[in-house]
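1. Quick one: sequence plus predicted model below, questions after.
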Amino acid sequence: MAQNMTPQEVRSQTFRSGLSVFGKVLLAGVLCVIMYLSCGLLAGIGQDQIGYRYYTEPVTDASMTDTMFDTTFTRYDEYLLSEDGKSYVLDKSYAYNYDTHAYEYSAELTEAAKAERPVFDEKTMTESKTDEAGLRLTQTQALYGENAPLEVGLEIVAQLLMLTIVIAILYTPLWRLGDGDRNKVDFGHMQADKLRGLKIGLIGSAPSGLVALGLVVSKLTGLMPNYIFAYRLLTMIFAPINNALTSGVAWTSQMTWWMLPVAVLCWAVVPLTTALAYWLGYNRVSLGERLVYKKK
């Protein structure tokens, strides 16, 4: 015969369930990253190479490297495929702007590059060059033509699949917990708490809540100026959304204000999922059965 659960035992079980939710979110994150990288590979299929970026003038001052954050070169020259398709010719040169933290077109550097190396020499310029201390002196990056409709479509599909993975991993355990709690309540073994699913979700999403809070603090106060990088890394489940709103952003101050409410909504996915799943389980509402019987 089942024993009555004391309020302390219920709270302890709720906390453990919250920790379990956090573990499931981490598992979902790993699966989402694998799936997202797979979508990225699909986006690259069929793309034609259109040119190169040739990075030169490496940063040697450590303080400058920290300031630049996202690069170790102060300049790059962009070479695009010529009309005859036989060579890559210089198009524009870009210099790093320390105020905007971005590369910007430089007419002066472009003229100098046209005089020094107007055509991309694949044999010599794709070789990695380093000095005696091992500092990289040049870096080459291939450029490929974009297929915007395909990339946007894959980003949307990837985000929907990633949300499905998270919801699917959390839904069944919380539904079963709600169903089990309903039995205990009906037989007088525990006090009813229809918000238990929400509480479990809030506990399980507390770490991600701190991550979102850090983004808000960084944007409002200017603290941790490059926190946007850490935020994107720690919220890979929402990588497509993050990319859409923060693409090319290296500093939190450059981030659009719309990103703040979006970050809160992304964090809310977990507690809302656990709350709904528990409520449905508590009320013996099976979405799977309803869909099956509806089809019949």
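-> Looks like it arrived, so ask away.
2. can I get the CA coordinates of stretch 170-180 in PDB?
-> What follows is stretch 170-180, C-alpha atoms only, in PDB (Å, rounded to 0.1, in the frame of the first residue of the first chain):
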ATOM      1  CA  LEU A 170      10.700  16.400 -21.800                       C
ATOM      2  CA  TYR A 171       7.100  15.700 -22.500                       C
ATOM      3  CA  THR A 172       6.700  12.000 -21.700                       C
ATOM      4  CA  PRO A 173       8.400  11.900 -18.300                       C
ATOM      5  CA  LEU A 174       6.400  14.900 -17.100                       C
ATOM      6  CA  TRP A 175       3.200  13.600 -18.500                       C
ATOM      7  CA  ARG A 176       3.700  10.300 -16.600                       C
ATOM      8  CA  LEU A 177       4.600  12.200 -13.400                       C
ATOM      9  CA  GLY A 178       1.400  14.200 -13.600                       C
ATOM     10  CA  ASP A 179      -0.600  11.000 -14.200                       C
ATOM     11  CA  GLY A 180       1.000   9.300 -11.300                       C
END
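3. Quick check: buried residues in the helix or strand hosting residue 8?
-> Using DSSP states H and E, the element containing residue 8 is helix 7-44. Neighbour counts over helix 7-44 (16 or more other CB atoms under 10 Å) mark 10, 13-14, 17-18, 20-22, 24-25, 28-29, 31-32, 35-36, 39, 43 as buried. (Each C-beta comes from the backbone N, C-alpha and C, glycine too.)
4. Equivalent analysis for stretch 225-235, please.
-> Neighbour-count burial for stretch 225-235 [16+ other CB under 10 Å]: 225, 226, 227, 228, 229, 231, 232, 234, 235.
5. what residues does it touch?
-> Residues from elsewhere that reach stretch 225-235, judged by CB atoms under 8 Å, 6 or more residues apart in numbering: 69, 208, 211-212, 214-215, 218, 224, 239, 242, 246, 249-255, 263, 266.
6. go again using 6 Å as the cut-off
-> 69, 211, 214, 215, 218, 242, 246, 249, 251, 252, 255 (CB atoms under 6 Å, 6 or more residues apart in numbering).
7. The helix or strand containing the fifth one - what's its average pLDDT?
-> This points to residue 218. Assigned by DSSP H and E, residue 218 belongs to helix 206-221. Here helix 206-221 scores 95 as its mean pLDDT.
8. Just after it, pick out the following helix or strand.
-> Next element after helix 206-221 (DSSP H and E): helix 227-234.
9. on contacts alone, who are the packing partners of the next helix or strand after that following helix?
-> Later in the chain than helix 227-234, the nearest helix or strand by DSSP H and E is helix 239-246. Under the contact criterion of 3 or more CB pairs under 6 Å, 6 or more residues apart in numbering; DSSP states H and E, helix 239-246 touches helix 148-186.
10. Would you mark the buried spots in the helix it packs on?
-> Quick answer for helix 148-186 (16+ other CB under 10 Å): 151, 154-155, 158-159, 161-163, 165-167, 169-171, 173-175, 177-179, 181-182, 184.
11. distance between that helix and the chain's centre?
-> On the basis of CA atoms, centre = their mean, to the nearest Å, helix 148-186 sits 18 Å off its chain's mean C-alpha point.
12. Low-confidence ranges, the stretch 51-200 of the chain, go.
-> 60-71 (pLDDT under 70).
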